[in-house]
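>>> sequence? don't have it. structure:
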């Protein structure tokens, strides 16, 4: 028996116990409006359809996969999704996908969540190399599901389907396994603009019953909030909105349409960078007590739990009655959790017992020196937390630095603030092939998350530039990777020119 799971759903082979809910689905005129050929007119018809689906699930080399979509929160069967094998080739199977869901669950992103998981199953476990699907052109909601799942429009067929007493147009979409694989992890982050604002608003309307969001006793109109989008070949794979007021930056909406690829982190970091540019004191947000994924996510990004607002969702429902009583994993929706990322300033970053006066310029309180053995635990934490790189471990960091100490071509410097490591940079001196003179290669530079945007990275760069001149090195180079758009801006501000995400500076 096939049993798949997502954040909110169980996607599984149907069972005899599903008979009543199966009948409700297949016999509901609104649910089946675009699928009249398979709509049932009696309980007996629905039961026969269910038995057929159950029997298909028992065939060893099955060609039809009809899955029930079950809500984790309620256990109810709320829709179906599946595919039929239309052709088997040496390259794999060609399948046609179909889906439908009860009207009361429209606009919540549920079908998008289900289709993504079925696509993953088909490509990873089902031996499928090509997925096909389509819909009547006027069925915009269904087409948006296809688009959000990365399917590619392949055809528009005019006057192709006889439906509801007249001819209607149909659109056809496809997704190849190679296209799906190449899309994983490929995205860029940019500010929301006029060319994609309408698309973001449509996504919010579907996923959040938007455009209004109820939080902390207010009804927020997200259409007025700026933000960022994550794009993969022009398609939106994530978005974030924020609102700056009274020196604070609030994240009002964050949706990641493609999990576990760093999209949510990249979007959140873009807002943090924007807040720093605007001299905000903090970035903050509200999430709900059922959103355990978000609670883990923000803490990993060094957000702190500022407050728990008990029973706050009771007040929010007065402003927005669409908020359901039950949330993810069957958890009653009651409380609001307030998280914040404090942006360190000169006045709040220094220990009151420090010898430095509280009004001293923050930049002047930073010292740079070569790394010492005592720094390794703090360096390890900064490196792994901020760069997401597990190259250093507690086991190998001492061996790594012993190798550094024995070779003058490698150096590591730390930025120290109030006797704590605030940042680190690793450099290597080398002579590139075919280029006159030696260069420094920045192997990595990282600043503690709560101290970013305060000039520490700039001071580390200035230090290695002075060190390079002292060593007679005339050029510094590095590679950031294409996703780190905040790093791109940082290096450009410090006079580094770019080309294919490689940055360099002539001294």
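In hand now; what should we look at? Here the structure is a predicted model, which is why all the values come from computation and not from measurement.
>>> So, low pLDDT: which residues of the stretch 201-350 of the chain?
Applying pLDDT under 70 to the stretch 201-350 of the chain picks out residues 260, 344-350.
>>> ranges for the strands of it?
For the stretch 201-350 of the chain, applying DSSP state E, counting those that start in this stretch gives strands covering 212-215, 218-221, 227-232, 235-245, 248-256, 282-288, 304-309, 336-342.
>>> ok, now how distant is residue 427 from residue 31?
62 Å (CB to CB, to the nearest Å). The way it works is simple: take the backbone N, C-alpha and C, and place the C-beta from them, glycine included.
>>> again but with residue 266, I slipped
Using CB to CB, one gets 37 Å for the distance from residue 266 to residue 31.
>>> which one of residue 427 and residue 31 has more residues nearby?
Neighbour tally, residue 427 and residue 31, criterion other CB atoms under 10 Å: the higher count belongs to residue 427, 24 against 21.
>>> Write down the beta-bridge partners of residue 231, one by one.
Partner residues in beta bridges with residue 231: residue 188, residue 236, with DSSP bridges as the criterion.
>>> domain parsing for the chain?
Structural domains annotated on the chain: 3-183, 188-343, 354-506, as defined by automatic domain parsing.
>>> For the closest residue to residue 449 other than its chain neighbours, list the residues it contacts.
For residue 449, ignoring the flanking residues on the chain, the nearest one in space by CB to CB, 6 or more residues apart in numbering is residue 302 at 4.2 Å. By CB atoms under 8 Å, 6 or more residues apart in numbering, the contact set of residue 302 is 341, 385, 449-450.
>>> how about 10 Å then?
When contacts are counted by CB atoms under 10 Å, 6 or more residues apart in numbering, residue 302 is found next to 272, 341-342, 385-386, 448-450, 452.
>>> which of these are buried?
272, 341-342, 386, 448-449, 452 (16 or more other CB atoms under 10 Å).
>>> Could you identify the most distant pair in those?
Using CB to CB, the pair of the buried ones among the contacts of residue 302 lying farthest apart is 342 and 386, separated by 16.0 Å.
>>> could the contacts of residue 302 be laid out in a markdown table, adding distance to residue 58?
Rendered in a markdown table, the data for those read as follows (distance: CB to CB, whole Å):
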| residue | distance to residue 58 |
| --- | --- |
| 272 | 52 |
| 341 | 52 |
| 342 | 57 |
| 385 | 49 |
| 386 | 51 |
| 448 | 57 |
| 449 | 52 |
| 450 | 56 |
| 452 | 56 |
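>>> Take those and keep only those in helices.
Where the contacts of residue 302 overlap with helices, as defined by DSSP state H, the overlap consists of 272, 385-386.
>>> Check those against residue 142 and report the nearest one.
residue 272 (36.3 Å).
>>> Not counting sequence-adjacent ones, nearest residue to that closest one?
Distances taken as CB to CB, 6+ apart put residue 283 closest to residue 272, at 5.5 Å, once the chain neighbours are dropped.
>>> Please look at residue 372 and residue 424 and confirm they touch.
No. Under the criterion of CB atoms under 10 Å, residue 372 is not in contact with residue 424, lying 11.6 Å apart.
>>> which one of the two has more residues nearby?
The neighbour count for residue 372 versus residue 424, taken as other CB under 10 Å, is higher for residue 424 (24 against 13).
>>> Ramachandran angles for the nearest residue to residue 247 once chain neighbours are set aside?
Leaving aside its sequence neighbours, residue 247 sits nearest to residue 281 (CB to CB, 6+ apart; 5.0 Å). Its backbone dihedrals place residue 281 at phi -80, psi -30, with angles given as degrees, to the nearest 10.
>>> for residue 34, same thing?
The phi/psi pair for residue 34 (degrees, to the nearest 10) reads phi -90, psi 0.
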